[in-house]
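S.K.: Whatever this is, show me its structure:
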Amino acid sequence: QVQLVESGGGLVQAGGSLRLSCAASGRTFSTYSMAWFRQAPGKERNFVAYISASGSSTDYADSVKGRFTISRDNAKNTVYLQMNGLKPEDTAVYYCAGGRIGARTSDYAYWGQGTQVTVSS
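M.R.: Alright, predicted model coming up:
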């Protein structure tokens with residue numbers, strides 16, 4: 001069983017930056033691929049980025065490529081999402097997820113509670 005807790009969300013102006021963190025419990029963190037998804041009000045939960053268990057492979061949604069960077073520190077059981085050049089359309093609740101590598105919500109068995117990111121114009 002893995003428990004995930006996100007932090008680092010908040011209110012930022014367009015063009016600004018935020019770094020989200022997701023702390024995982026359990027000794028098996030390094031065996032899971034990790035991902036970030038986001039969900040805006042009234043919309044479905046969408047893929048943002050994933051990183052493989054070793055950290056050697058990453059992928060991003062087209063909408064965030066070149067602006068967001070996913071990374072992980074297996075010694076600290078933590079995955080990060082560095083978000084630069086934020087836009088109002090990035091406003092959403094951001095969720096951390098752990099599971100097998102992929103871009104679908106069904107690829108991930110473990111989910112955090114979410115952290116709100118609001119980008120003002």
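S.K.: where along this structure do the helices fall?
M.R.: Counting by DSSP state H, the chain has no helices at all.
S.K.: Identify the spatial nearest neighbour of the most centrally placed residue in it, chain neighbours not counted.
M.R.: Nearest to the mean C-alpha position of the chain, by CA atoms, centre = their mean, lies W36 at 2.5 Å. Leaving aside its sequence neighbours, W36 sits nearest to V48 (CB to CB, 6 or more residues apart in numbering; 4.2 Å). C-beta here means a position set from N, CA and C on the backbone, and glycine is covered the same way.
S.K.: With L86 as the reference, measure out to the one you found.
M.R.: 13 Å (CB to CB, to the nearest Å).
S.K.: Which one's more surrounded, those two?
M.R.: Shown here are V48 and L86; by other CB atoms under 10 Å, V48 has more neighbours (25 against 22).
S.K.: ok, that one touching V64?
M.R.: Yes - counting by CB atoms under 8 Å, V64 is a contact partner of V48 at 5.9 Å.
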